[in-house]
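Student: sequence below, structure please.
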Amino acid sequence: MPRFLRLKWRALALAGATLVLGAQAAPPDLSPVHASALLTRVADHALLLGIASAGSTLVAVGEHGVILRSADQGRTWQQVASPTSVLLTAVYFVDAVHGWAVGHEGVVLATQDAGQTWSLQHSADPAGKHKGSPLMGVWFRNTQMGLAVGAYGYVVRTDDGGKTWVDMDASFPDPDGWHLNAVASSATQPDTVFVVGEKGQIFRSDDAGHVWQKLNSPTDASLFAVAEPAPHELYVAGLGGSLYRSVDEGATWTTLVTGTSNGLLGVAGRSDGRIVVVGNDGTVLSSRDHGDHFTLAILPGRDHLTAVQPRSGHGWIAVGQDGPHTLSTQP
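Tutor: Next comes the predicted model:
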């Protein structure tokens, strides 16, 4: 099995899952990168891998380039036009209107109107080292400076809002080319950025992604999620129910008891100590005390969950198999 299949796809265990969207046939002169996503009435049941807030709007992305928006905190969803039909893996908004989504084939999409319209900014060079490589995570410091990370140590950076992207292979300390699965910034230091990936790899930059160091990791299990929702509460999660917290920006780690061996794929929290973690087989972990104790629940349908986002005010929305899921947990 090619190594790139050991990304989120393997953790999701979706090899036998039935996808609700048929693959859109691209015109002969267009690759899936440049073929627009199929607009369909069942897009809200698509496999979704990423979700983010654009002010009061929720935006989710997934299979075949699907992009969904919700203006009512997840009660209803509308599909919007997407300029690509490749799998989209993650989405990030730096403010209420400026956002980016990334996906397979090194695709980067951008929006300047809270996800209503999108443009293609980047795709992997078909003749280059990273041809076909997926990007798995995206983060922006402001509307100009951002990073995207992905398979085989693929890291690209922009300092002009995405007009140009520069490959960072030479400066990122990942000589073995481990898959990089997620990126997030510190809650206290906006220039401090964390990347997690295959084999428990954890990296940190203290200058918004220019210079990186590899951190000591508490695990050799692949990590798929990283978040610091509150000051000095950094969480990483991954295979086998692995969940760890650091109160010193990744210098040391505490193992958190999850009560599950299911892969954990998404972490989100609020500044008051409420944390939700989601993963395979409908796994939902919730904590009210900064991760000291978790309550484990399993969704009735056992749909795989890939990411989670707080709703405005209260509640949580997860995405994954069969689209968005409103979680009943209210930590």
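
Student: from here on, just use CA atoms for contacts and neighbour counts.
Tutor: Fine.

Student: list the contacts of residue 253.
Tutor: Contacts for residue 253 (CA atoms under 8 Å, 6 or more residues apart in numbering) come out as 217-218, 244-247.

Student: count of neighbours near the closest residue to residue 233 other than its chain neighbours?
Tutor: Nearest non-adjacent residue to residue 233, counting by CA to CA, 6 or more residues apart in numbering: residue 247, 5.3 Å away. The tally of other residues near residue 247 (other CA atoms under 10 Å) stands at 15.

Student: again with residue 144
Tutor: Close neighbours of residue 144, defined as other CA under 10 Å, add up to 13.

Student: coming back round to it: of the contacts of residue 253, which belong to strands?
Tutor: Judged by DSSP state E, the contacts of residue 253 include 244-246 as members of strands.

Student: returning to what we had before: want to throw the contacts of residue 253 into JSON lines with distance to residue 275 and pLDDT?
Tutor: Compiled in JSON lines, the contacts of residue 253 are given as follows (distance: CA to CA, whole Å; pLDDT from 0 to 100):
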{"residue": "217", "distance to residue 275": "21", "pLDDT": "98"}
{"residue": "218", "distance to residue 275": "20", "pLDDT": "98"}
{"residue": "244", "distance to residue 275": "13", "pLDDT": "98"}
{"residue": "245", "distance to residue 275": "11", "pLDDT": "98"}
{"residue": "246", "distance to residue 275": "14", "pLDDT": "98"}
{"residue": "247", "distance to residue 275": "15", "pLDDT": "97"}
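
Student: can you tell me which of those residues is closest to residue 48?
Tutor: If you rank the contacts of residue 253 by distance to residue 48 using CA to CA, residue 244 comes first, at 24.9 Å.

Student: related to what we said a few turns ago, contacts only, for the residue nearest to residue 233.
Tutor: For residue 247, the residues meeting the contact criterion (CA under 8 Å, 6+ apart) are 232-234, 253.

Student: farthest-separated two in those residues?
Tutor: Checked with CA to CA, the contacts of residue 247 reach their widest spread between 232 and 253, with 11.5 Å between them.

Student: anything in contact with each of the two?
Tutor: Taking CA under 8 Å, 6+ apart as the contact criterion, the common neighbours of residue 232 and residue 253 are 246-247.

Student: rewinding a little: write the PyMOL selection for whichever of the contacts of residue 247 are buried.
Tutor: Here is the PyMOL selection string for the buried members of the contacts of residue 247, based on 16 or more other CA atoms under 10 Å:
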select buried, resi 232+233+234+253
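
Student: as JSON lines, the contacts of residue 247 with pLDDT would be great.
Tutor: As requested, the contacts of residue 247 are exported to JSON lines (pLDDT from 0 to 100):
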{"residue": "232", "pLDDT": "93"}
{"residue": "233", "pLDDT": "96"}
{"residue": "234", "pLDDT": "98"}
{"residue": "253", "pLDDT": "98"}
